[in-house]
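3D, please:
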Amino acid sequence: MTPLELPTGLSFSQFAGFSPGPRFIILGAVHGNEICGTQAILRIRNEIESGVLRITKGMLTLIPVTNPLAFALKRRMGDRNLNRHMSITEIPEDFEDLVSNQLCPLLKQHDVLLGKKFIL
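Numbering: from 1, shown residues only. Take a look at the predicted model:
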């Protein structure tokens, strides 16, 4: 499976079972210097793609790097702290606003979030 990539560089993979169930999303690297979640998400994705793990019901969305700018810079934040303010913005003022505009609709499609706490 090729991950879907959005214009900000935010990429994600989705896996669905054949039966209805919860829609679960996992975020990694909300802060660019937090790499353990990214490594775990990539491992889970590889295990699903190789058939070691199977999604039997519901949907799983994996976002290994939630803040691509901060991750590329290998620091906590890009332009600002994504974890402190996340909402759709009509006039984006920084990179994290662009990410928020792409991420918020995706988050709203899910029932369960594993990652940092966001105020939507």
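
contacts for the longest strand belonging to the chain next, please.
In the chain, with assignment by DSSP state E, the single longest strand is strand 19-27. Residues outside strand 19-27 that contact it (CB atoms under 8 Å, 6 or more residues apart in numbering): 37, 41, 44, 56-63, 66, 106-107, 109-116. In short, each C-beta sits where N, CA and C put it, glycine included.

give me the buried positions along it.
23, 24, 25, 26, 27 (16 or more other CB atoms under 10 Å).

strands of the chain, start to end?
Going by DSSP E, the chain shows strands at 4-5, 11-16, 19-27, 57-63, 112-114.

make a markdown table out of the ones you listed and add mean pLDDT and distance to residue 91.
Output for these, formatted as a markdown table (pLDDT from 0 to 100; distance: least, CB to CB, whole Å):
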| stretch | mean pLDDT | distance to residue 91 |
| --- | --- | --- |
| strand 4-5 | 60 | 24 |
| strand 11-16 | 95 | 25 |
| strand 19-27 | 96 | 25 |
| strand 57-63 | 97 | 24 |
| strand 112-114 | 89 | 26 |
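
and these: which comes nearest residue 84?
strand 19-27 (14.9 Å; CB to CB).

can you give me the helices in the chain?
36-49, 68-73, 95-108 (DSSP state H).

and the first one with strand 11-16, angle?
Right, helix 36-49. 40 degrees (axes from the mean of the first three to the mean of the last three CA atoms, to 10 degrees).

specify the angle between helix 36-49 and strand 57-63 in degrees.
Using the same axes, to 10 degrees: helix 36-49 against strand 57-63 is 140 degrees.

buried set for helix 36-49?
37, 38, 41, 44, 45, 48.

what packs against it?
Packing partners of helix 36-49 (3 or more CB pairs under 8 Å, 6 or more residues apart in numbering; DSSP states H and E): strand 19-27, strand 57-63.
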